[in-house]
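Novice: heads up, no residue letters with this:
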């Protein structure tokens, strides 16, 4: 049976911005880690929390790998709340919807409207459902740091990519 990987990582404002092209080096590292998890750790299921930045970029990488060379992969979108992307700009909402439409499974962690604490509840659910965590994290405090600390408490194997 395959293993499950969840992603956590910074929003674009803590990276090199919203354009994936500006984060090309980071995305290649993320791609390499995903492939290592598939080939070396028998990972076949990936969970994205669907936040802007690392979460959505990782989901896109998984979908691309699935379409090209690993058709057995499964993408789960862990949505923290009902109106998760509603305050984003139109392009980001469109991208979010495109990923959700292509996902193998969509799981709503909460049926409530947006509340900040639901982001952490989503992270806890993702870690609990995973064997491994890939974190794009610079060591700073915040949601990604909280997720990494929880994964450590749960003795999950964590791969950190420092952006």
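Specialist: Nice, thanks for sending it over. Since the structure is predicted, the reported quantities are computational estimates derived from the model, not experimental observations.

Novice: longest single helix anywhere in the chain?
Specialist: Using DSSP state H to define each element, the chain has its longest helix at helix 24-41.

Novice: distance between it and the chain's centre?
Specialist: Distance, stretch centre to chain centre, for helix 24-41: 13 Å (Cα atoms, centre = their mean, to the nearest Å).

Novice: what lines up beside the helix or strand that comes right after it in the sheet?
Specialist: Once the chain leaves helix 24-41, the next helix or strand it forms, by DSSP states H and E, is strand 43-48. According to DSSP bridges, strand 43-48 forms sheet pairs with strand 3-9 (parallel), strand 74-79 (parallel).

Novice: could I get these as JSON lines with mean neighbour count and distance to residue 40?
Specialist: C-beta coordinates here come from the backbone N, C-alpha and C atoms, glycine included. Compiled in JSON lines, the strands paired with strand 43-48 are given as follows (neighbours: other Cβ atoms under 10 Å; distance: least, Cβ to Cβ, whole Å):
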{"stretch": "strand 3-9", "mean neighbour count": "26", "distance to residue 40": "10"}
{"stretch": "strand 74-79", "mean neighbour count": "22", "distance to residue 40": "18"}
